[in-house]
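[1] 3D, please:
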Amino acid sequence: MSNKQYKQFTINTMEDGCVVLKSLIVPVMVDLEKLKRYAIEAEELLLKYRIDGVIPAEIYDSVHDKILYQQRELLRFIADHQSSSFSYIDVRELLVKKRYIKRELKEDNNRILNELHEIRNWSFHNPQSMLTAQLEFTKKSVPEEFFINPRIKALLNPVVVYKVKSYNLKMLEGFIIHNKKRINQFEQVLQEMKDDYQEIYESLSDKPYMMPSTEITRKVKYVEHEVTNLDPKKAGSSIASLSMGIQKGKYDGTDESFKIWTT
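    Model prediction:
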């Protein structure tokens, strides 16, 4: 098998479709739960600092960065358009094309999915439009009486690095409103993912299951399993390392190559 073939997981059957959808649903559920927990932390900070009217940057940045990271992880699994990766927006399109899924997305949820895709494209890159927007903002900020022949030039020396020490509480209030909107959107998309999985699962003639025969139903169950004292290998570090080797084209399928990338 060539290195290129290792990079790809081809969806040839409904079972393959279930495997891929499951690989997206599980991390979305986990990351969404974390996002909700961190969003609650932000709301608690709002109550704590409401009287002060400001919040220390180190406090705000800590919860802000955690929330931002979880949102980016969710966008990665839901709305990423890359040829060598799986995300719901791409996988669903393929599953519909293969007629494994016949149901249509709810109109509102389809709009949400497209919006999340646009956000993913903008937030995962360093768009040149940010620099253009900054210049436009500077121009529009010039008072009208001075806008006869303005010559706006960037300050090239010294290079000013702004280090925020505190934020106005309005920043946190707006962030909390934003979090509620995103969480609601992610929840709606997750339900669509589960509904798609349910449809494909019901279409399988041979349904793999692991539950008492008295509990065999057509309804897919999502069972939480608590894990303690998780070691690196079980956390997926070896799989991630092997994936990197495959992505670089340096894994050839031999035992020696496997050992190099997993130890």
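
[2] For the stretch 151-263 of the chain, which segments are assigned as helices?
    Assigned by DSSP state H, counting those that start in this stretch, the helices in the stretch 151-263 of the chain fall at 169-203, 237-247, 255-262.

[3] remind me which residues of the protein are low pLDDT?
    Residues of the chain meeting the criterion pLDDT under 70: 1-8, 83-84, 125-127, 137, 142-152, 208-217, 230-236, 239-240, 242-243.

[4] returning to that earlier point: adding distance to Arg50 and mean neighbour count as columns, could you present the helices of the stretch 151-263 of the chain in TSV?
    The C-beta positions use only the backbone N, C-alpha and C, and glycine is treated the same way. TSV is the format used below for the helices of the stretch 151-263 of the chain (distance: least, Cβ to Cβ, whole Å; neighbours: other Cβ atoms under 10 Å):
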stretch	distance to Arg50	mean neighbour count
helix 169-203	7	16
helix 237-247	42	15
helix 255-262	51	12
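
[5] got those as CSV, with distance to Leu24 columns?
    Below are those laid out as CSV (distance: least, Cβ to Cβ, whole Å):
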stretch, distance to Leu24
helix 169-203, 7
helix 237-247, 16
helix 255-262, 24
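
[6] and of those helices, who's closest to Tyr222?
    Tyr222 lies closest, by Cβ to Cβ, to one member of those: helix 169-203, at 7.7 Å.

[7] distance of the nearest residue to Lys207 once chain neighbours are set aside from Val26?
    Once flanking residues are discounted, Lys207 sits nearest to Tyr201: 6.6 Å by Cβ to Cβ, 6 or more residues apart in numbering. Applying Cβ to Cβ, to the nearest Å, the value for Tyr201 to Val26 is 15 Å.

[8] returning to that earlier point: Provide a list of residues in contact with the residue nearest to Lys207.
    By Cβ atoms under 8 Å, 6 or more residues apart in numbering, the contact set of Tyr201 is 18, 207, 218, 220.

[9] quick one: which of the residues you listed has the most company?
    Cys18 (23 neighbours; other Cβ atoms under 10 Å).

[10] Excluding chain neighbours, what is closest to that one?
    With Cβ to Cβ, 6+ apart as the criterion, Cys18 has its nearest non-adjacent residue at 5.4 Å, and that residue is Ile200.

[11] That neighbour touches Arg99, doesn't it?
    No. Look at Ile200 against Arg99 with Cβ atoms under 8 Å: they stay out of range, at 10.6 Å.
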